[in-house]
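Participant: Have a look at this prediction, sequence included:
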Amino acid sequence: MATAPRPAPLPANVTPAPFELSPQEQADLDRLLADWERKSEAIKLFKCDFKRWEYDNVFNKRTVGLGELKYKSPDRGNYRVTDEKTGESIEHWICDGNAIFELNAEKKQVIERVLPEHMRGKAIADGPLPFIFGAKAVTLKQRYWMRLKRPPAGQESKICLEAFPKLQQDAANFQRAELLLDPQGLTPFALQLDLPNGKNITVHQFYNVRTSDPLDGLKDFLMPRVPAGWTHLVEQPETVPVEQATPRGAAPGPGTATRPATPPRQAGVPSAGEPARQR
């Protein structure tokens with residue numbers, strides 16, 4: 001009796017799939033990714049405000065931040081978040097297409113990380129938040145195990161996409177992501193990242209989404225001015241042959257430890273200005 005062929009083994013740097021999709025589920029996912037890519041390509045400038053919750057389940061601590069996200073196709077970005085209570089800067093980085101500038105208020109440093117040639121033009125899409133910056137469908141499928149899920153209670157009108165990293169480079173930023181999309185323009189509504197240590201969770205809720213003239217706000221993506229009393233540090237890229245280079249997360253992400261993905265679970269999602277407590 002003939003036996004079914006064994007599936008080809010996964011490459012050493014690819015994690016096993018945490019679930020299996022039926023042919024219909026795969027078709028539905030492919031259709032969404034194709035529609036999402038098409039609508040994302042039409043957006044040349046994207047801006048939104050957001051609220052960010054950071055949960056530390058070890059110390060039972062919660063930090064709330066307010067921020068603004070700006071993106072100019074194909075590789076400009078500006079991400080800034082401040083403490084809701086004090087107004088102090090928590091995280092701020094700018095990508096001008098040639099380098100990532102991290103503005104570290106605590107250390108009073110502007111850290112310029114020069115991008116290698118093979119990363120210019122795609123550093124934002126290959127960063128830790130590709131779901132926000134509109135990576136192509138083929139790239140998403142290469143990097144993540146994905147599936148559509150039933151949206152959480154209270155968000156039934158949204159489209160819910162769950163993703164697990166396939167590659168260690170992405171597992172260094174998060175072990176699971178859950179994204180809610182607005183069905184009208186397929187723009188992001190909320191994003192939850194379960195961080196690699198398995199104990200910390202970051203939730204973004206996006207609002208006041210604007211898309212406008214790509215010439216608007218060009219100064220938002222320029223090399224930042226170094227404030228008085230701060231230090232400007234420059235980090236040159238490692239010399240790696242292009243054929244051996246693996247895309248690295250360009251933008252600073254909320255978590256850097258490495259840990260394999262855990263089995264899927266349902267996420268809480270912000271509503272009415274306050275997120276459901278994460279399990």
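Facilitator: Great, that's in hand.
Participant: hey, which helix is longest across this protein?
Facilitator: Ranked by residue count and defined by DSSP state H, the top helix of the chain is helix 23-41.
Participant: tell me the angle of the helix or strand following that one relative to helix 23-41?
Facilitator: Going down the chain from helix 23-41, the next helix or strand is strand 45-56, by DSSP states H and E. Put simply, strand 45-56 runs at 120 degrees to helix 23-41, going by axes from the mean of the first three to the mean of the last three CA atoms, to 10 degrees.
Participant: Whichever helix or strand comes after strand 45-56 - contacts with which helices or strands?
Facilitator: Moving toward the C-terminus from strand 45-56, the next helix or strand (DSSP H and E) is strand 61-72. Here strand 61-72 touches strand 45-56, strand 76-83, strand 89-95, going by 3 or more CB pairs under 8 Å, 6 or more residues apart in numbering; DSSP states H and E. Placement of C-beta: from N, CA and C, glycine included.
Participant: so where is the stretch 101-250 of the chain shaky, pLDDT-wise?
Facilitator: Applying pLDDT under 70 to the stretch 101-250 of the chain picks out residues 122-123, 125-130, 134-135, 213-218, 239-250.
Participant: just the strands in it please.
Facilitator: Using DSSP state E, counting those that start in this stretch, the strands of the stretch 101-250 of the chain run over 109-114, 144-149, 159-165, 176-181, 188-194, 200-211, 231-235.
Participant: Please produce TSV containing those strands, extended by distance to Trp53.
Facilitator: Formatted as TSV, the strands of the stretch 101-250 of the chain follow (distance: least, CB to CB, whole Å):
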stretch	distance to Trp53
strand 109-114	26
strand 144-149	20
strand 159-165	18
strand 176-181	14
strand 188-194	9
strand 200-211	5
strand 231-235	30
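Participant: Let me know which of those strands is the nearest to Pro74.
Facilitator: Taking CB to CB, strand 200-211 is the member of these nearest to Pro74, at 15.0 Å.
Participant: Can you give me the buried ones in the closest one?
Facilitator: Within strand 200-211, the residues scored as buried using 16 or more other CB atoms under 10 Å are 200-206, 209.
Participant: Where do the helices of the stretch 151-279 of the chain begin and end?
Facilitator: Here the stretch 151-279 of the chain has its helices, by DSSP state H, counting those that start in this stretch, at 168-171.
Participant: so how far is stretch 167-184 off the chain centroid?
Facilitator: Relative to the chain's own centre, stretch 167-184 is displaced by 6 Å; criterion: CA atoms, centre = their mean, to the nearest Å.
Participant: what's the straight distance from one end of it to the other?
Facilitator: End-to-end distance of stretch 167-184 (CA to CA, to the nearest Å): 31 Å.
Participant: What residues of it count as buried?
Facilitator: In stretch 167-184, counting by 16+ other CB under 10 Å, buried: 167, 169-181.
Participant: of all the residues you listed, which comes closest to Thr63?
Facilitator: Distance to Thr63 across the buried residues of stretch 167-184 (CB to CB) is lowest for Phe174, with 17.1 Å.
Participant: picking up where we left off before, let's have the buried residues of strand 200-211 in JSON lines, adding distance to His232.
Facilitator: Shown next, in JSON lines, are the buried residues of strand 200-211 (distance: CB to CB, whole Å):
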{"residue": "Asn200", "distance to His232": "30"}
{"residue": "Ile201", "distance to His232": "34"}
{"residue": "Thr202", "distance to His232": "28"}
{"residue": "Val203", "distance to His232": "33"}
{"residue": "His204", "distance to His232": "29"}
{"residue": "Gln205", "distance to His232": "34"}
{"residue": "Phe206", "distance to His232": "31"}
{"residue": "Val209", "distance to His232": "33"}
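Participant: Out of those residues, which is nearest to Asp49?
Facilitator: Scanning the buried residues of strand 200-211 for proximity to Asp49, where the rule is CB to CB, the winner is Phe206, at 7.4 Å.
Participant: give me the beta-bridge partners of the closest one?
Facilitator: Beta-bridge pairing of Phe206 under DSSP bridges involves Phe50.
Participant: Also Val81?
Facilitator: Where Val81 sits in a bridge, its partners, by DSSP bridges, are Gly67, Glu91.
Participant: And it, how far from Lys72?
Facilitator: Per CB to CB, to the nearest Å, Val81 is found 19 Å from Lys72.
Participant: can you check Leu148 too?
Facilitator: As defined by CB to CB, Leu148 lies at a distance of 29 Å from Lys72.
Participant: The two: which has the busier surroundings?
Facilitator: Shown here are Leu148 and Lys72; by other CB atoms under 10 Å, Lys72 has more neighbours (24 against 15).
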